[in-house]
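1. build the 3D model from these lines:
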Amino acid sequence: METSGGIRASLAGRYASALFDLARDQRQIESVGKSLDALNQALVDSKDFSELVSSPLVSREEAGRAFAAIAPQLSLDPITANFLGVLARNGRKGQLQGVIRAFRRLASEHRGETTAEVVTARPLNDDQLGQLRQQLRTRAGRDVNIDATVDPNILGGIVVKLGSQQIDASIRTKLNRLAQAMKG
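-> Numbering: from 1, shown residues only. Got it, this is the predicted structure:
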């Protein structure tokens, strides 16, 4: 399992750690987590918001104003709203997705759970997520949260990283193995 020390090593991890520590100290881990979930959903649903976060052409001031405007629309808690301002002022808005992932892992560890990173070519539905969560719970021996992402480049199948273990059942990897075997 990736420890919180490993999470804290990356830039996004350091920001997430600071946010997590603040949320824990103020007993707001759950509300900050919900706000980050709302931000993550906004990144998926809104092309404009996603471009705002990723574009190097958006200045720190513009990003700060945009984040301040979106906070009430997404019903973000005050800690998360202030944190977005810090990201904008420090020119780190592009780290938002990484911060969300790292915060989720820290919150899971805090609850005694583990997180599996799952990559699929298409989004998984609720039934598929439930079945996968149950299989991973059996394998890990404890509750498992799923951090699911979609990457059409894997063509199909699934890639699961649970702690230090990685299970790669993607079609892309299978095709690469077949190509290597055919080369001799």
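
2. let me see the ranges of the helices in the protein.
-> 4-7, 11-25, 29-45, 47-54, 60-73, 78-89, 96-110, 126-140, 171-183 (DSSP state H).

3. any idea which of those gets closest to Gly163?
-> helix 126-140 (7.7 Å; CB to CB). Bear in mind the C-beta positions are built from the backbone N, C-alpha and C, glycine included.

4. can you tell me how far the residue positioned nearest the centre of the chain is from Gly91?
-> Nearest to the mean C-alpha position of the chain, by CA atoms, centre = their mean, lies Arg101 at 2.7 Å. Relative to Gly91, Arg101 is positioned 20 Å away (criterion: CB to CB, to the nearest Å).

5. what of Ile154?
-> Distance, Ile154 to Gly91, by CB to CB: 32 Å.

6. ok, now Gly130?
-> Going from Gly130 to Gly91 by CB to CB gives 40 Å.

7. likewise for Ala42?
-> Computed as CB to CB, the Ala42 to Gly91 distance reads 20 Å.

8. again with Arg177
-> 42 Å.

9. same check, this time on Ile29
-> Noted for Ile29: a distance of 27 Å to Gly91, by CB to CB.

10. which one's more surrounded, those two?
-> Ile29 (20 against 12; other CB atoms under 10 Å).

11. grab the nearest non-local neighbour of that one.
-> Of all residues beyond its chain neighbours, the one nearest Ile29 is Ala23 (4.8 Å), with distances taken as CB to CB, 6 or more residues apart in numbering.

12. count of neighbours near that neighbour?
-> Residues near Ala23, counting by other CB under 10 Å: 25.

13. what about it, distance to Pro78?
-> Using CB to CB, we find Ala23 at a distance of 11 Å from Pro78.

14. cool, and Asp25?
-> 14 Å.

15. quick one, which of these two is more surrounded?
-> Comparing Asp25 with Pro78 by other CB under 10 Å, the one with more neighbours is Pro78, at 13 against 9.

16. what's stretch 62-78 in contact with?
-> Identification of contacts with stretch 62-78 by CB atoms under 8 Å, 6 or more residues apart in numbering yields 28, 31-32, 34-35, 38-39, 42, 49, 52, 58, 80-81, 84-85, 87-89, 93.

17. kindly report the same for stretch 100-108.
-> By CB under 8 Å, 6+ apart, the residues outside stretch 100-108 that reach it are 2, 4, 7, 10, 12-13, 15-17, 19-20, 29, 32-33, 36, 39-40, 114-115, 145, 147.
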